[in-house]
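J.: dropping a prediction and its sequence here:
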Amino acid sequence: MGIRPVLLLGNPLLRAACVRVRKYGTPDLLELVADLTDTLHDFRLRHGFGRGIAAPQIGDNRRVLVIEAGGESGGARAIVNPEIVRSSRQMMTLWDDCFSFPDLAVKLKRHLSVEVRYRDPEGKEHLLKARGALAELLQHEIDHVNGILALDRAVDSKHIVYKTELEKIKKGALRKEM
């Protein structure tokens, strides 16, 4: 168990679709979940943001992610073989960020609500209904295990910016074209 380096934009492993986990409860799978959790906590401590991480971001090609979005259960939740089984027609527009390009922000659209079928590390099946911030987080992390980055979902190329510039825009220091 430990903190693993986060792969950065440009690493081809971030663009590869991940493989399904076939065996649950194995020491190897539990170690991956622990590493993802440790890496998430370390990244948030060092960078001041982060609610989720996917296995490809630490160089593992399995469909596994860990989210920490508070809510009813609190703490970290390991999600294995996630699949969006329903999404709302209603969309939300937001600025997104990512561990794999921590200095950038991307304006994109996501479904306002989703239902995600997944298994926990022991293999028990779950259905998670999410709305708002949790729905956005799930879509972001599931994109990762499908080889899709938030940059791919930008509303257009003008809406990929450095976070420092976005802060200036939000404070009115730059022309408001965003």
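T.: Now that the structure is in, tell me what you want to look at.

J.: in the biggest helix by length in the chain, what's buried?
T.: Criterion DSSP state H: the longest helix present in the chain is helix 27-47. Neighbour counts over helix 27-47 (16 or more other CB atoms under 10 Å) mark 29, 32-41, 43 as buried. Where C-beta positions appear, they are placed from N, C-alpha and C, glycine not excepted.

J.: of these, closest to Glu167?
T.: Phe43 (19.8 Å; CB to CB).

J.: helices of this protein, start to end?
T.: All helices of the chain, identified by DSSP H, fall at 27-47, 133-145, 163-170.

J.: if I look at Leu166, how far off is Val106?
T.: Between Leu166 and Val106 the distance is 10 Å, computed by CB to CB, to the nearest Å.

J.: are there residues contacting both of these two? Which ones?
T.: Trp95 (CB atoms under 8 Å, 6 or more residues apart in numbering).

J.: sorry, back to before: need the helices of the chain in TSV (columns: distance to Arg86 and mean pLDDT).
T.: Converted to TSV, the helices of the chain look like this (distance: least, CB to CB, whole Å; pLDDT from 0 to 100):
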stretch	distance to Arg86	mean pLDDT
helix 27-47	26	97
helix 133-145	11	98
helix 163-170	32	88
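
J.: center of the protein, which residue is that?
T.: Nearest residue to the geometric centre of the chain (CA atoms, centre = their mean): Glu141, 2.9 Å.

J.: give me the contacts around the longest strand along the chain.
T.: Longest among the strand segments of the chain by residue count, using DSSP state E, is strand 77-87. Residues external to strand 77-87 that are found in contact with it (CB under 8 Å, 6+ apart): 20-21, 24, 29, 33, 36-37, 62-69, 111, 113-121, 123, 127-128, 138-139, 141-142, 145.

J.: could you flag which of the residues you listed are buried?
T.: For the contacts of strand 77-87, buried by 16+ other CB under 10 Å: 21, 29, 33, 36-37, 62-69, 111, 113-116, 118-119, 121, 128, 138-139, 141-142, 145.

J.: report the angle between the longest helix of the chain and strand 77-87.
T.: 90 degrees (axes from the mean of the first three to the mean of the last three CA atoms, to 10 degrees).

J.: would you mind listing the buried residues in the lowest-mean-pLDDT helix or strand in the chain?
T.: The element with the least model confidence among the helices and strands of the chain, by mean pLDDT, DSSP states H and E, is helix 163-170, at a mean of 88. Buried residues in helix 163-170, counted by 16+ other CB under 10 Å: 166, 169.

J.: what separates it from the chain centre, distance-wise?
T.: Centroid separation between helix 163-170 and its chain, computed with CA atoms, centre = their mean, to the nearest Å, is 22 Å.

J.: who are the packing partners of that helix?
T.: Where contact means 3 or more CB pairs under 8 Å, 6 or more residues apart in numbering; DSSP states H and E, helix 163-170 is packed against strand 104-111.
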